[in-house]
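Participant: Whatever this is, show me its structure:
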Amino acid sequence: MDLAEIDGVICSDYDEVIPTDLAHSLGLDGITYWGTVGSAGAAPCAMIGHAMAAIIAGMASNVLVFRALNGRSGPRFGAASPSAPAKACGGNGTYDEFISPYGLLVPGQMWALIARRHMIEYGSTAADRGAIALACRRHANANPAAMMYGRPLTMDAYLGSRMLTDPLRINDYSLESDGACAVVVTSAERADDCPQPTVLIRAVAQGTTSEAQPGNFYAAVLRPAVLEQPSRRVAELLYRRAGLGPGDIDIAQFYDCFTISVMIQLEDYGFCARGEGGAFASSGALEPGGRLPITTAGGNLSEAYIHGMTHVLEGVRQMRGTSTSQVAGAETCLVTSAIPTPTSALILRAS
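Facilitator: Got it, this is the predicted structure:
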């Protein structure tokens, strides 16, 4: 596809590069559609959906969907701002004033509370979360572009790693990365005329929980049930739109900001019963050659953290047959974006 054919651009609301910036720097001429989709890590799958909708509506023909992030050399999402408690006071449309002044300042603290609740209610263990970290790392060790390439992880090393927010260790956390990636969304007819194998978007869904709580993130701990995530509702909608179910999924690119988020999504997307995500992870199902290989480029935990846009890209590679951890015969790939407030997901199919 020639660069001049790109007539749409979509980015994330957390991206410092806006669509017109990218259009100018690439020399695009004749942009007829642009969009900014939120929020943060919940956006990538929704961004694909917006591109698809623009094409169906006739607002664009070929849409560039991208995410660029300086999460290591620039603003660090995992770091607390000393001014956060003061800024939270007054609400500013959120419930953060009931949270930040009392010390809950970074995502790892919130996910630690959720992980502890899962342990209390269902008996999941550190080793169960370790199985998720190891599966991601083993896939990364096959991917020369991954940050953790050439750095294997054992269960003993995982269990002995530094505790950051009890019960979460450093290897339960996603990476801090500089990077960017993009895909082009076009019609199936135009894609069939390209040299690369066509990858079809079977369905896309967005959604929230019934009690999402004001704000983007931390207010999720104020829900009556902190393990209730938007992924359960989105899964039902996504499968209904796709005409598929969990048994039809060959690979899952789960948004792995923390290992516990993968455990919950295993349950919410129907690969195991509620409360059995830990046992499912420890069964070996997520490993290369397992029933459900996950984050086959390494994911946020071991490839790079670019707000999950890499998960979309890896899903495309799997359906094309070009992944560094290619799953033989795979025809369907689930891709998910961040929880806990809004979320989005999609299913890709090989042509």
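Participant: give me the element G74 is part of.
Facilitator: In this assignment (DSSP states H and E), G74 forms part of neither any helix nor any strand.
Participant: can you check A68 too?
Facilitator: strand 62-70.
Participant: just L175 next, same as before
Facilitator: Assigned by DSSP H and E, L175 belongs to no helix or strand.
Participant: Can you list the strands that the strand holding A68 pairs with?
Facilitator: strand 8-12 (parallel), strand 178-186 (antiparallel) (DSSP bridges).
Participant: For that strand, buried residues please.
Facilitator: Using 16 or more other Cβ atoms under 10 Å as the test for burial, strand 62-70 gives N62, V63, L64, V65, F66, R67, A68, L69. Placement of C-beta: from N, CA and C, glycine included.
Participant: and if you look at stretch 169-188?
Facilitator: For stretch 169-188, using 16+ other Cβ under 10 Å, the buried residues are 169, 171-177, 179, 181-186.
Participant: what's the most distant pair in these?
Facilitator: Taking Cβ to Cβ, the two most distant members of the buried residues of stretch 169-188 are R169 and T186; they sit 42.4 Å apart.
Participant: Quick check: of the buried residues of stretch 169-188, which lies closest to T336?
Facilitator: Of all those, T336 sits closest to S174, with 14.0 Å by Cβ to Cβ.
Participant: so what's the closest one closest to, chain neighbours aside?
Facilitator: The shortest distance from S174 to any non-neighbouring residue, by Cβ to Cβ, 6 or more residues apart in numbering, is to N300 (3.7 Å).
Participant: low-scoring stretches of this protein, by residue?
Facilitator: For the chain, the stretches flagged by pLDDT under 70 are 91.
Participant: where along it do the helices fall?
Facilitator: Applying DSSP state H to the chain gives helices spanning 19-26, 43-56, 84-88, 107-122, 126-140, 155-159, 188-192, 230-242, 259-268, 277-282, 299-302, 309-320.
Participant: I figured P144 hits T324, correct?
Facilitator: Yes - applying Cβ atoms under 8 Å as the test, P144 and T324 come out as touching, 7.2 Å apart.
Participant: Looking at those two, which is more packed in?
Facilitator: T324 (19 against 9; other Cβ atoms under 10 Å).
Participant: What separation is there between that one and S83?
Facilitator: Separation of T324 from S83 (Cβ to Cβ, to the nearest Å): 42 Å.
Participant: what does R72 give?
Facilitator: 22 Å.
Participant: more crowded one of these two?
Facilitator: Neighbour tally, R72 and S83, criterion other Cβ under 10 Å: the higher count belongs to R72, 15 against 9.
Participant: for the more buried one, what are its contacts?
Facilitator: When contacts are counted by Cβ atoms under 8 Å, 6 or more residues apart in numbering, R72 touches E176, S177, D178.
Participant: Out of these, the closest to G27 would be?
Facilitator: Out of these, the member with the shortest distance to G27 (by Cβ to Cβ) is D178, at 23.8 Å.
Participant: Report the beta-bridge partner residues of that closest one.
Facilitator: Beta-bridge partners recorded for D178 (DSSP bridges): N70.
Participant: Give me the nearest residue to M59, chain neighbours excluded.
Facilitator: The nearest residue in space to M59 (Cβ to Cβ, 6+ apart) is Y33, at 4.3 Å.
Participant: I'd say that neighbour and M52 touch.
Facilitator: No - counting by Cβ under 8 Å, Y33 does not reach M52; the two are 11.8 Å apart.
Participant: separation between the closest residue in space to S325 that isn't next to it in sequence and L313?
Facilitator: Closest residue in space to S325, ignoring its immediate chain neighbours: T296 at 4.3 Å, by Cβ to Cβ, 6+ apart. T296 sits 11 Å away from L313, going by Cβ to Cβ.
Participant: one step back: turn the strands paired with strand 62-70 into JSON lines, including distance to E276.
Facilitator: Listed next are the strands paired with strand 62-70 as JSON lines, based on distance: least, Cβ to Cβ, whole Å:
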{"stretch": "strand 8-12", "distance to E276": "33"}
{"stretch": "strand 178-186", "distance to E276": "33"}
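Participant: returning to what we had before: show me what contacts the residue nearest to M59?
Facilitator: Y33 touches D7, G8, V9, A54, M59, A60, V63, counting by Cβ under 8 Å, 6+ apart.
Participant: and if we set it to 10 Å?
Facilitator: Each residue near Y33 by Cβ atoms under 10 Å, 6 or more residues apart in numbering is listed here: 7-10, 19, 50-51, 53-55, 57-61, 63.
Participant: G8 now?
Facilitator: Counting by Cβ under 10 Å, 6+ apart, G8 has contacts 19, 23, 28, 31-35, 50-51, 54-55, 59-65, 184-186.
Participant: That concludes my questions; thank you for your assistance.
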